[in-house]
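Asks: Predicted model and sequence below, questions to follow.
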Amino acid sequence: MKRVVVVGGVAGGMSAAARLRRLNADVEIVVLEKSGHVSYANCGLPYFVGGVIENESALLLQTPDSLNKRFRLDVRVGVEVTAINRAAKLIHVKSMNSEYDLEYDKLILSPGAAPIRPAIPGIERTLTLRNIEDVEAIASAVGRTPKTAVVIGGGFIGVEIAENLVHKGIATSIVEATNQVLAPLDPEMASLVASELTAKGISLHFGSAAASIEENSVTLANGLHLPAEIVILAIGVKPEIGLAKESGLEIGTRGGIKVNGSHLTSDPDIYAIGDAAEKIDALDESASLVPLANIANRHGRVVADHISGRATREVNAQGTAIVKVFDLAIATSGWNEKRLKAAGRSFVAIHSHPASHAGYYPGAQGMSLKLLVSPADGRILGVQGVGRDGVDKRIDVIATAMRSGLTAPELADLELAYAPPFGSAKDPVNMLGYMAENVLSGLTPTAQWSDVEGLVQSGYSIVDVRTSGEVARGTLLGAINIPIDEMRERREEIPTGKLLVTCQVGQRGHAATRLLREWGYEAINLDGGYATWSSSPASHS
């Protein structure tokens with residue numbers, strides 16, 4: 001092996017090149033990058049727009065010169081690979097001033113993903129955010145002190161860029177064709193994010209796509225006109241597969257370059273990694289697209305090891321991700337309800353609303369956690385978290401548990417670091433384990449927010465076991481208020497027949513449900529209590 005060529009100099013491509021050099025002192029390694037920069041922190045781009053990251057140089061982790069000095073990598077920026085001749089093992093390269101063919105022994109494709117651009121009038125006026133050149137264009141537009149902006153798309157990039165536009169004093173709207181922001185979240189969790197966005201002044205427009213873009217406005221399919229001196233397009237990305245497809249490499253079922261567990265394509269001398277390549281899903285081993293930097297970096301290392309003849313292991317993708325939205329942290333790992341239902345997989349949902357650390361220690365913040373569990377074997381299928389503090393470490397612990405194969409009840413067994421400023425003696429992760437054990441064993445049957453209407457129609461009475469003061473601030477329609485501390489004395493007021501028990505977050509409801517079932521009632525607990533129900537679509541119907 002004399003020469004390895006890497007197409008794409010960010011995340012996966014650069015990780016592969018650097019690892020390859022550490023394993024092979026003398027092989028020639030050429031990195032070709034279409035943009036003008038390599039090894040930059042693309043996840044930090046929105047924060048440069050908002051001024052949170054003040055200097056563009058902070059985003060540039062390495063330069064072609066620094067990479068050459070340390071690793072003797074031949075890094076070429078501003079060049080585009082336009083064709084692959086697989087038979088001759090040649091690629092055709094174009095730059096501003098020249099074009100040439102370059103031989104390779106091994107080729108690594110890491111071209112990333114491109115923003116989706118729908119064919120609507122005025123789409124050419126939109127700005128997208130993918131690389132340093134894009135963020136410079138947006139920063140330049142923001143520097144002209146516009147008063148209004150529209151972000152088309154409510155995904156991770158959309159909400160991040162919207163927040164940073166607000167930081168610059170720009171009145172910002174988000175347009176999302178579906179009924180919520182952040183598609184990986186289930187609706188009752190996404191509504192918490194929507195509340196934060198609106199509280200910070202962002203105008204949300206759900207259920208209607210952008211139909212056209214004018215000089216200073218965006219028109220929605222429902223006829224609404226939104227003022228917009230700047231329009232940011234962030235409706236998603238699609239794998240950059242043009243080069244691979246034209247050269248005859250196999251494209252997978254999800255529209256990315258098809259690879260095996262070692263990230264080899266259908267050509268034994270060509271690898272594909274990063275956003276352009278399909279991943280193997282950790283839950284069902286199906287093909288998936290996961291445009292995240294951490295998995296791209298990991299796969300880059302795997303490819304370098306495989307090329308160097310080292311033993312490798314297949315690294316499947318869970319899709320663990322986190323995003324900041326003003327004062328909230330929102331994190332996910334694994335599948336959500338929508339995906340589980342579409343796949344026909346049985347699951348149990350468990351909601352909790354714990355504090356970030358011991359409540360008696362100053363500064364504790366509330367959070368909302370949701371665990372999705374297989375009722376058959378307790379396998380953790382997915383997790384979501386929204387809160388102001390402590391969400392990241394809980395999701396990371398649960399994502400690690402998922403990777404290692406721990407069941408949901410076994411979360412109760414984890415010995416996690418505890419001191420009042422950092423957590424509770426029963427950490428929120430432990431509590432999810434206790435709750436899963438209760439539900440999966442049948443000790444405490446639960447109902448979801450989406451079940452309430454059907455249960456009432458089938459004859460269930462609702463008993464709210466919170467205090468009268470809490471109930472006065474809101475409760476489920478038709479609920480009877482019998483505080484749990486008075487339940488024994490007011491037993492005669494408990495309705496006959498089937499009962500749906502609710503409290504604020506489900507904890508008192510669990511205790512009350514257990515008591516009622518001991519007394520012979522057919523009682524079930526509302527999972528997550530009023531806190532979950534009130535943030536769900538059911539509360540608005």
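Replies: Perfect, thanks for sending it. Residues are numbered from 1 along each chain as shown.

Asks: what's near enough to touch W519?
Replies: Residues near W519 by C-beta atoms under 8 Å, 6 or more residues apart in numbering: R491. Every C-beta, even on glycine, is put in place using the N, C-alpha and C of the backbone.

Asks: Ramachandran angles for it?
Replies: The phi/psi pair for W519 (degrees, to the nearest 10) reads phi -80, psi 0.

Asks: So, low pLDDT: which residues of the stretch 51-200 of the chain?
Replies: For the stretch 51-200 of the chain, no stretch has pLDDT under 70.

Asks: same thing with the stretch 251-400 of the chain?
Replies: Ranges of the stretch 251-400 of the chain meeting pLDDT under 70: none found.

Asks: can you pull out the helices in the stretch 1-150 of the chain?
Replies: For the stretch 1-150 of the chain, the helices defined by DSSP state H, counting those that start in this stretch cover 11-23, 45-49, 64-71, 132-143.

Asks: closest one to F156 among these?
Replies: Closest of these to F156 is helix 45-49, at 9.4 Å (criterion: C-beta to C-beta).

Asks: List the beta-bridge partners for the residue nearest the centre of the chain.
Replies: Nearest to the mean C-alpha position of the chain, by C-alpha atoms, centre = their mean, lies A321 at 4.1 Å. Following DSSP bridges, A321 is listed with bridge partners T332.

Asks: List the contacts of it.
Replies: By C-beta under 8 Å, 6+ apart, the residues touching A321 are 156, 184, 292, 331-333.

Asks: Mind putting the residues you listed into TSV with neighbour count?
Replies: Listed next are the contacts of A321 as TSV, based on neighbours: other C-beta atoms under 10 Å:
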residue	neighbour count
F156	24
P184	22
L292	19
A331	24
T332	25
S333	25
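
Asks: now these in JSON lines, with distance to W449?
Replies: Shown next, in JSON lines, are the contacts of A321 (distance: C-beta to C-beta, whole Å):
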{"residue": "F156", "distance to W449": "25"}
{"residue": "P184", "distance to W449": "19"}
{"residue": "L292", "distance to W449": "29"}
{"residue": "A331", "distance to W449": "21"}
{"residue": "T332", "distance to W449": "19"}
{"residue": "S333", "distance to W449": "22"}
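
Asks: on that earlier part again, what about the residue nearest to the centre of the chain, distance to Y271?
Replies: According to C-beta to C-beta, to the nearest Å, A321 stands 24 Å off from Y271.

Asks: likewise T332?
Replies: Relative to Y271, and taking C-beta to C-beta, T332 is found at 28 Å.

Asks: can you tell me which residues contact A331?
Replies: A331 touches 320-323, 384-385, 391-392, 395, counting by C-beta under 8 Å, 6+ apart.

Asks: Also G122?
Replies: Counted by C-beta under 8 Å, 6+ apart, G122 has contacts 212-214.

Asks: Counting only strands, which of those make the cut?
Replies: 212-213 (DSSP state E).

Asks: most surrounded residue in the contacts of G122?
Replies: The most crowded member of the contacts of G122, judged by other C-beta atoms under 10 Å, is I213 (21 neighbours).

Asks: who touches that one in this structure?
Replies: I213 makes contact with 120-123, 125-126, 219, 228, 231, according to C-beta under 8 Å, 6+ apart.

Asks: And V4, by the same measure?
Replies: Residues near V4 by C-beta under 8 Å, 6+ apart: 17, 20, 27-30, 104-108, 307.

Asks: Got the confidence number for it?
Replies: At V4, the pLDDT value in this model is 97.

Asks: who's it bridged to?
Replies: The partner residues for V4, given DSSP bridges, come to I29, K106.

Asks: if I look at it, how far off is L204?
Replies: 47 Å.

Asks: ok, now N438?
Replies: N438 is 36 Å from L204, by C-beta to C-beta.

Asks: One more: V75?
Replies: As defined by C-beta to C-beta, V75 lies at a distance of 42 Å from L204.

Asks: between these two, which one's more packed in?
Replies: Per other C-beta under 10 Å, whichever of V75 and L204 has more neighbours is V75, with 23 against 17.

Asks: ok, the more buried one - contacts?
Replies: 9, 30-31, 33, 38, 64, 67-68.

Asks: For PyMOL, what selects the buried ones among those?
Replies: PyMOL command restricting the contacts of V75 to the buried ones, with burial defined by 16 or more other C-beta atoms under 10 Å:
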select buried, resi 9+30+31+33+38+64+67
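
Asks: and the strand or helix carrying L369, what other elements does it pack with?
Replies: In the assignment (DSSP states H and E), L369 maps to strand 367-373. Under the contact definition 3 or more C-beta pairs under 8 Å, 6 or more residues apart in numbering; DSSP states H and E, strand 367-373 sits against helix 187-199, strand 348-352, strand 380-387, helix 391-404, helix 428-440.

Asks: what comes up buried for the longest one?
Replies: By neighbour count on 16+ other C-beta under 10 Å, the buried set for helix 391-404 is 391, 393-395, 397-399, 401-402.

Asks: what's the distance between H351 and T496?
Replies: When H351 is compared with T496 (using C-beta to C-beta), they lie 29 Å apart.

Asks: Same check on K258?
Replies: 61 Å.

Asks: what does stretch 233-243 rub up against?
Replies: For stretch 233-243, contacts defined as C-beta under 8 Å, 6+ apart pick out 7, 81-84, 109, 111-118, 123, 126-130, 151-153, 155, 157-158, 161, 177, 251, 255-257, 275-278, 289, 291.

Asks: and what of stretch 429-444?
Replies: 348, 350, 352, 354, 369, 371, 373, 375, 378, 394, 397-398, 407-414, 416, 426, 445-446, 506, 510, 513-514, 524-525, 527.
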